[in-house]
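[1] 3D, please:
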Amino acid sequence: MSFLVKVSAWFLDPVHWQGSAGVPNRLLEHVLMAGAATLVAALIALPIGIALGHFGRGGNAAINISNVGRAIPSFAVLVLAFEVVGIGAPPAFIALTLLAIPPIVTNSYVGVKEVDPDVKDAARGMGMRERKILFAVELPLAVPLIMAGIRTSAVQVVATATLAALVAWGGLGRYIIDGFAQQDYVQMFAGAVLVAALAVATELALGAVEFMLVPRGLRESGAAPAGPPQAKAA
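    This next block holds a predicted model:
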């Protein structure tokens, strides 16, 4: 029996779709953990990046700090969190949240900072206050870059959440970690396929959200970027 046939048989086995160790429950655990980490990261990072981009101050420092955050391996953060808070969901949540923050800070800062100054000056000339300029002009134009940062973070979190199984948490990573420990390579491969499929689904879902949030005029002009940009300090 070929390896791929065995993998297909694994997916078709009803045993793998039932109980706490079944695919539906593991998938739900994975989605809840990744979603919560990305949401909390966005709540922390968006106000920082947007404020820095609007006022145009401290952006270089913020991006440099974000780059340092990207350079620290998530596994190292996971181990440190494990030593501080123990096993289970807490260390995984901390590591994933910290992983998700840098791209959102960088993209939200760049997205707001790079709004055409002439557009902002025109808004001021019409009597708009700074707060209204931010919410009515800058943020709608910055949505493509902001959403690109959120998409990048979400996909990274979905992929990295597999490491959470190392600290006795669940999720789809259990199939990979347990399969490796048991030398069950069919289970390992099935787990990898599930994680990859979830990452693709996350990218597509957030891409659809981005499409809905981008102003119609910006979409029709073709100004919205197709994917995550290479953010730079300005």
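[2] run through the neighbouring helices and strands of the top helix by length along the chain.
    Among the segments of the chain that qualify as a helix by DSSP state H, the longest is helix 23-55. Using 3 or more C-beta pairs under 8 Å, 6 or more residues apart in numbering; DSSP states H and E as the contact test, the elements touching helix 23-55 are helix 59-71, helix 89-113, helix 139-160, helix 173-181, helix 185-213. Using the backbone N, CA and C atoms, a C-beta is placed for each residue, glycine as well.
[3] can you say which of those helices is packed in most?
    Each of these was scored by mean neighbour count; the highest is helix 89-113, a mean of 25, by mean count of other C-beta atoms under 10 Å.
[4] contacts for stretch 28-48?
    Stretch 28-48 has contacts (C-beta atoms under 8 Å, 6 or more residues apart in numbering) with 62, 89, 92-93, 96-102, 104-105, 108-109, 146, 150, 153-154, 157-158, 161, 164, 169-173, 195, 198, 202.
[5] quick one: pLDDT of Glu220?
    Note for Glu220: predicted pLDDT of 62.
[6] then Ala234?
    38.
[7] tell me which residues of the longest helix of the chain are tucked away?
    Residues 23, 26-27, 29-31, 33-34, 37-38, 40-42, 44-46, 48-54 are the ones in helix 23-55 that count as buried (16 or more other C-beta atoms under 10 Å).
[8] so where's the chain uncertain?
    1, 217-234 (pLDDT under 70).
[9] who touches the residue most central in space within it in this structure?
    Nearest to the geometric centre of the chain sits Ala154, at 1.7 Å (C-alpha atoms, centre = their mean). Residues near Ala154 by C-beta under 8 Å, 6+ apart: Ala34, Thr38, Ala100, Thr202, Glu203, Leu206.
[10] 6 Å instead?
    Thr38, Thr202, Leu206 (C-beta atoms under 6 Å, 6 or more residues apart in numbering).
[11] just the endpoints, please. Distance across stretch 126-141?
    End-to-end distance of stretch 126-141 (C-alpha to C-alpha, to the nearest Å): 18 Å.
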